[in-house]
Structure formats: structure tokens, C-alpha cells
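Colleague: With the input below, show me the fold.
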Amino acid sequence: MLDAARRVLGRLGRVEVALAMAALAATCGVTAVQAVVRTGFGGSLLWAEEVGLLLLKIMIFVGAAGVYKARAFITIDTLMTRAPEALKRPLMLAAWTVSAVFGAVVAWQGALLYPSQIITRTYLLELPRFVFTMPIIYAGASIALTSLFYIVWLLSARGRAVGTTEAEDAASPLARSGEAH
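Modeller: Alright, predicted model coming up:
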């Protein structure tokens, strides 16, 4: 069961990173076209700001969820390498628990905005404002679920190596398997 979950999360992480990269490329494209229209023709693409903002949120938040799965983020690695062996697993468990709670709170708080944001629309494209909150909710939920997987992995017999002194053992079960890349 853990292997199947690892594979699914690894694939999802690759999709999230690819979506973030596509959003980055699209953001650059919209911004470039807007710059050409503004400087070359003295006009403006009125919709560019709304589209650019939505793409930026997708890039940042969905990309963060993908990066979290690969554990390619700034961590407390220095503390982990200097911590006594007996503290490494509890520290990892604490870090992943805090991440799970944080992600769940972010997703929940974003979802609470639904009633007020679904009835308001953006100025030009008339999109529900909630569309701009959806990447944040997704990222919070994705990070929370990934953290729960890390916790279960760590508490299982397979998680014994997670948090030890060797660099590859400190990597996540997803990154070690090659599934997150």
C-alpha cells in the first residue's frame, strides 16, 4: 500500500511541477505580449493582469506542492545532521506533523472563503474570485496529504532510514524512489 501511495504521490508531484512550469511559461508569454502591445502600440490587453495573476498563483502554489513532494526546499538539514541519532526521527515526525497541520489549515481557511468569493467576480473576465483561491487550497491540501504519507512512512518499518545521517537517507521516500523527479 505504501509503495502504491509513493508512486501516486511521485507522479502527482511531477504533474504539479510540469503545471507550474507551464504556468510560468504562459505568464512570461502574457507579460511579453502585454509589453509589446503597451510599448509598441500604446494600448493594453485589459485581461492580461487577471490572467497573469491566476497563472502566477498556479505557478507558485501548485509548484510549491510539487517541490514539497521532492523535498527540494530549505529544511532544517543542518540541525538534523548535528542532532543525536535518538532525536532525528522525533524531529522529522514533528516537522512533518507541523507541515500537515499547516497545509490542512491553509486549505480549510481557503475553503471558508468560498461563500463570499463565489458571488463576486473579477472586473474584466468576470471569473468568480474563488478561482484565484483554488491554487492555494490545492497546495495546502496536497502538502497536508504528502506530510501524512511521510508520517506513515516514517512510522513504518520502511521509514527507519529516514532522518539518519546519510544524505540519501535524509531524502524523502518519494525522492529516494526517483518518483518525484
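
Colleague: ok now the lengthiest helix in the chain, how far from the chain's centre?
Modeller: The helix that spans the most residues within the chain, counting by DSSP state H, is helix 2-41. Once both centres are worked out by CA atoms, centre = their mean, to the nearest Å, helix 2-41 turns out to sit 12 Å from its chain's centre.

Colleague: Tell me the buried residues in the next helix or strand after that helix?
Modeller: Per DSSP states H and E, the first helix or strand lying C-terminal to helix 2-41 is helix 48-57. Using 16 or more other CB atoms under 10 Å as the test for burial, helix 48-57 gives 48, 49, 50, 51, 52, 54, 55, 56, 57. For the C-beta atoms, the positions are set from N, CA and C on the backbone; glycine is no exception.

Colleague: Just want the angle from helix 48-57 to helix 2-41.
Modeller: Here the directions of helix 48-57 and helix 2-41 differ by 150 degrees (axes from the mean of the first three to the mean of the last three CA atoms, to 10 degrees).

Colleague: Helix or strand next in line after helix 48-57, which one?
Modeller: helix 63-70.

Colleague: helices and strands around that next one, which ones?
Modeller: Applying 3 or more CB pairs under 8 Å, 6 or more residues apart in numbering; DSSP states H and E, we find helix 63-70 packed against helix 2-41, helix 134-155, helix 173-177.

Colleague: and residue 102, what does it touch?
Modeller: If a contact means CB atoms under 8 Å, 6 or more residues apart in numbering, then residue 102 has 140, 143, 144 as its contacts.

Colleague: of the residues you listed, closest to residue 81?
Modeller: Nearest to residue 81 among the contacts of residue 102 is residue 143, at 23.9 Å by CB to CB.

Colleague: Output the below-cut-off pLDDT ranges for this structure.
Modeller: Low-confidence segments of the chain (pLDDT under 70): 73-78, 157-181.

Colleague: redo that, cut-off 90
Modeller: The chain contains residues with pLDDT under 90 at 1-6, 44, 46, 70-93, 95, 154-181.

Colleague: about what we covered before: show me what counts as buried in the longest helix of the chain.
Modeller: For helix 2-41, burial by neighbour count (16+ other CB under 10 Å) applies to 5-6, 9-10, 12-14, 16-17, 19-20, 23-24, 26-27, 30-31, 34.
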